[in-house]
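Participant: Next input, structure requested:
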Amino acid sequence: MIMAAEEVFWRNPKYHAFAQAIRTIPLRERDVKEAEERLRRFAPYIAKVFPETQPAHGIIESPLVRIPNMQRRLEKMFQTNIEGDLLLKCDSHLPISGSIKARGGIYEVLKHAEDLALANGMIAIGEDYAVMASEEFRQFFSRYSLVVGSTGNLGLSIGIIGAQLGFRVTVHMSADAKQWKKDLLRSKGVTVIEHLTDYNKVVEEARRQSAEDPTSYFIDDENSIHLFLGYAVAAFRLKKQLEDMNITVDETHPLFVYLPCGVGGGPGGVTFGLKLVYGDHVHCFFAEPTHSPCMLLGLMTGEHDRVSVQDFGLDNKTEADGLAVGRPSRLVGNMLENVISGVYTVDDSTLYRLLAAMVETEEIYLEPSALAGVAGPVRLFRDSAGQTYVEENDLKEKMKNAVHICWATGGSMVPKGVMEAYYREGMRIETMTGNCFSEGR
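Facilitator: Numbering: from 1, shown residues only. Take a look at the predicted model:
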């Protein structure tokens with residue numbers, strides 16, 4: 001079914017209790033807390049140069065919202081009862097760059113900026129980092145460059161924060177990257193190099209170019225611990241959001257989280273952080289396009305980045321541009337092969353149907369890739385492999401108390417005209433299925 005690009009649900013046979021799984025992971029909670037503290041140090045700077053973050057005092061965070069109307073729509077669309085409550089984590093509306101990549105990407109650039117400033121005596125820990133908004137610092141950072149390979153959203157995050165600090169930024173974009181993302185980066189003064197190849201070859205070329213320049217810093221989406229830790233910080237903030245909503249997560253109140261997956265750094269970091277917070281009470285599933293299931297294939301075979309989707313006859317072509325990755329992260333696959341609960345795949349047509357449904361029911365606008373997580377609860381309850389996972393982990397009697405969080409990874413930066421086209425396509429596909437939404441927009 002995988003090689004036929006059909007939707008599948010795979011439960012991970014190597015999934016272990018977290019106390020056992022963490023023994024093979026070289027990171028600990030202190031590493032995530034250190035990243036969280038670094039982001040706090042930069043908060044005054046962020047608030048100064050990005051006024052939209054001032055209400056949150058320079059902390060880059062997204063809302064967590066209940067989506068009961070969408071839950072009912074999902075049940076109707078797929079004739080499946082979803083036990084528990086459905087929520088949406090709106091990283092689609094993170095300030096600055098409007099995607100989950102604002103977490104890891106911005107964090108790694110800030111860490112590099114701090115390292116340079118400390119090493120050159122420009123600042124000391126404990127001082128007000130808002131001073132980095134000065135022309136003196138911009139001139140200092142302009143002596144250095146940042147290079148990254150991206151399908152789009154990571155490039156946006158690196159480009160926007162890097163250019164704001166004063167770095168010379170080059171973003172190598174794969175063939176599937178959307179034109180509006182390239183245009184936005186160029187408007188920020190970022191150099192965009194377009195390639196006709198897919199993501200993994202683009203990253204390879206970006207890495208090669210960066211290595212030729214001693215002033216260059218390469219942000220490695222495939223293997224960066226710093227990106228990973230930036231994403232992991234989200235879990236500790238999510239814990240507070242759930243507490244503020246009076247939502248309990250414990251042995252009798254399981255938490256299920258559904259995360260769109262490209263190369264794996266974003267969902268991997270979030271999963272690691274959630275496991276640190278909730279241990280075996282949280283169950284994390286990755287979602288991939290049917291034509292680009294690189295993490296699924298890496299985990300199934302145990303070969304991780306040594307295999308690609310092309311090795312299995314798949315073309316890596318999908319409308320979910322942020323997930324169009326042919327080869328998974330070695331770092332994430334190796335570290336989390338005993339931590340990820342499972343992986344499911346979603347067809348592009350399903351993504352568009354869900355996109356239109358989210359607009360119709362909740363008036364929330366997401367890009368296609370961000371809807372991959374929204375399919376998760378349906379697949380858990382509808383697919384036999386999902387129900388087997390529930391039964392094997394002694395969860396069946398607890399599902400009425402479950403909380404399901406779909407991680408929306410991007411969307412707020414999409415131009416209005418492009419988003420309208422996405423919506424129309426979703427409605428067109430829904431009409432063709434004979435299940436057109438009864439209520440109007």
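
Participant: residue ranges for the strands of the stretch 251-400 of the chain, please.
Facilitator: 255-260, 282-289, 342-346 (DSSP state E, counting those that start in this stretch).

Participant: The stretch 101-250 of the chain too?
Facilitator: 145-150, 168-173, 191-194, 216-219.

Participant: that older thread, which of the strands of the stretch 251-400 of the chain sits closest to G121?
Facilitator: strand 255-260 (40.8 Å; C-beta to C-beta). No exception for glycine: its C-beta is placed from N, CA and C like everyone else's.

Participant: Just the terminal-to-terminal distance for stretch 332-348.
Facilitator: Counting by C-alpha to C-alpha, to the nearest Å, you get 25 Å between the two ends of stretch 332-348.

Participant: Pull the distance from that stretch to the chain's centre.
Facilitator: Its chain's average C-alpha position is 13 Å from that of stretch 332-348, according to C-alpha atoms, centre = their mean, to the nearest Å.

Participant: quick one: average confidence on that stretch?
Facilitator: Averaging pLDDT along stretch 332-348 gives 97.

Participant: ok, V374 touching M358?
Facilitator: Yes - judged on C-beta atoms under 8 Å, V374 makes contact with M358 at a distance of 6.9 Å.

Participant: list residues touching both of these two?
Facilitator: The contact sets of V374 and M358 overlap at M70 (C-beta atoms under 8 Å, 6 or more residues apart in numbering).

Participant: Can you list the helices and strands that the lowest-mean-pLDDT helix or strand in the chain packs against?
Facilitator: Lowest on mean pLDDT, DSSP states H and E among the helices and strands of the chain sits helix 199-211, with a mean of 91. Secondary-structure packing of helix 199-211 (3 or more C-beta pairs under 8 Å, 6 or more residues apart in numbering; DSSP states H and E): strand 145-150, strand 168-173, strand 216-219.

Participant: what residue ranges in this structure are flagged as low confidence?
Facilitator: The chain contains residues with pLDDT under 70 at 434-441.

Participant: Break it into its domains for me.
Facilitator: Using automatic domain parsing, the domain ranges for the chain come out as 9-98+232-433, 101-225.

Participant: could you dump these to JSON lines with mean neighbour count?
Facilitator: Shown next, in JSON lines, are the domains of the chain (neighbours: other C-beta atoms under 10 Å):
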{"stretch": "domain 9-98+232-433", "mean neighbour count": "20"}
{"stretch": "domain 101-225", "mean neighbour count": "20"}
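
Participant: want to throw these into CSV with distance to M3?
Facilitator: Shown next, in CSV, are the domains of the chain (distance: least, C-beta to C-beta, whole Å):
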stretch, distance to M3
domain 9-98+232-433, 5
domain 101-225, 18
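
Participant: Just tell me which of those domains ends up closest to M1.
Facilitator: domain 9-98+232-433 (8.9 Å).

Participant: starting at the chain centroid, how far to the closest one?
Facilitator: Remark: domain 9-98+232-433 is offset 7 Å from the chain centroid, using C-alpha atoms, centre = their mean.

Participant: thinking T80 is in contact with R73, fair?
Facilitator: No - at 11.5 Å, T80 and R73 do not qualify as touching, with contact defined as C-beta under 8 Å.

Participant: and V332, which of the strands of the stretch 251-400 of the chain is closest to it?
Facilitator: Closest to V332 of those is strand 282-289 (C-beta to C-beta; 9.5 Å).

Participant: in its sheet, what does that closest one sit against?
Facilitator: As defined by DSSP bridges, the strand partners of strand 282-289 come to strand 255-260 (parallel), strand 342-346 (parallel).

Participant: for the ones you listed, which one sits closest to G230?
Facilitator: Among the strands paired with strand 282-289, strand 255-260 comes nearest to G230, with 15.1 Å by C-beta to C-beta.

Participant: distance of L110 from S134?
Facilitator: 16 Å (C-beta to C-beta, to the nearest Å).

Participant: for E61, what are its contacts?
Facilitator: Applying C-beta under 8 Å, 6+ apart, the residues near E61 are L94, R237.

Participant: can you list the strands of the stretch 101-250 of the chain in TSV and add distance to V309?
Facilitator: Output for those, formatted as TSV (distance: least, C-beta to C-beta, whole Å):
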stretch	distance to V309
strand 145-150	17
strand 168-173	20
strand 191-194	22
strand 216-219	23
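
Participant: Between those strands, which one is closest to V403.
Facilitator: Going by C-beta to C-beta, the one of those nearest V403 is strand 145-150, 32.0 Å.

Participant: Output the contacting helices and strands for the closest one.
Facilitator: If you count contacts as 3+ C-beta pairs under 8 Å, 6+ apart, strand 145-150 packs onto helix 101-119, helix 153-165, strand 168-173, helix 199-211, strand 216-219.

Participant: counting contacts, what elements does the second one pack onto?
Facilitator: To tie it back to what came earlier, the one meant is helix 153-165. In terms of contacts (3+ C-beta pairs under 8 Å, 6+ apart), helix 153-165 is packed against helix 101-119, helix 135-141, strand 145-150, strand 168-173, helix 179-187.

Participant: 7 Å - rerun?
Facilitator: Judged by 3 or more C-beta pairs under 7 Å, 6 or more residues apart in numbering; DSSP states H and E, helix 153-165 is in contact with helix 101-119, strand 145-150, strand 168-173, helix 179-187.

Participant: I'd like those as CSV, with distance to A421 appended.
Facilitator: CSV is the format used below for these (distance: least, C-beta to C-beta, whole Å):
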stretch, distance to A421
helix 101-119, 23
strand 145-150, 22
strand 168-173, 20
helix 179-187, 11
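
Participant: Can you say which of these is nearest to N200?
Facilitator: Nearest of those (C-beta to C-beta): strand 145-150, 8.5 Å.

Participant: Paired strands for that closest one, with orientation please.
Facilitator: Going by DSSP bridges, the partners of strand 145-150 are strand 168-173 (parallel), strand 216-219 (parallel).

Participant: Turn these into TSV, including distance to A385.
Facilitator: Shown next, in TSV, are the strands paired with strand 145-150 (distance: least, C-beta to C-beta, whole Å):
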stretch	distance to A385
strand 168-173	36
strand 216-219	36
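
Participant: among those, which is nearest T191?
Facilitator: Ranking these by proximity to T191 (C-beta to C-beta) places strand 168-173 first, at 4.5 Å.

Participant: hmm, back to that, out of the strands paired with strand 282-289, nearest to A5?
Facilitator: Smallest distance to A5 across the strands paired with strand 282-289 (C-beta to C-beta): 8.3 Å, for strand 342-346.

Participant: what's the closest one in contact with?
Facilitator: 7-12, 285-290, 293, 295-296, 299, 372, 375-376, 379, 389 (C-beta atoms under 7 Å, 6 or more residues apart in numbering).

Participant: Make CSV from the strands paired with strand 282-289 and add distance to R103 to it.
Facilitator: Compiled in CSV, those are given as follows (distance: least, C-beta to C-beta, whole Å):
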stretch, distance to R103
strand 255-260, 12
strand 342-346, 21
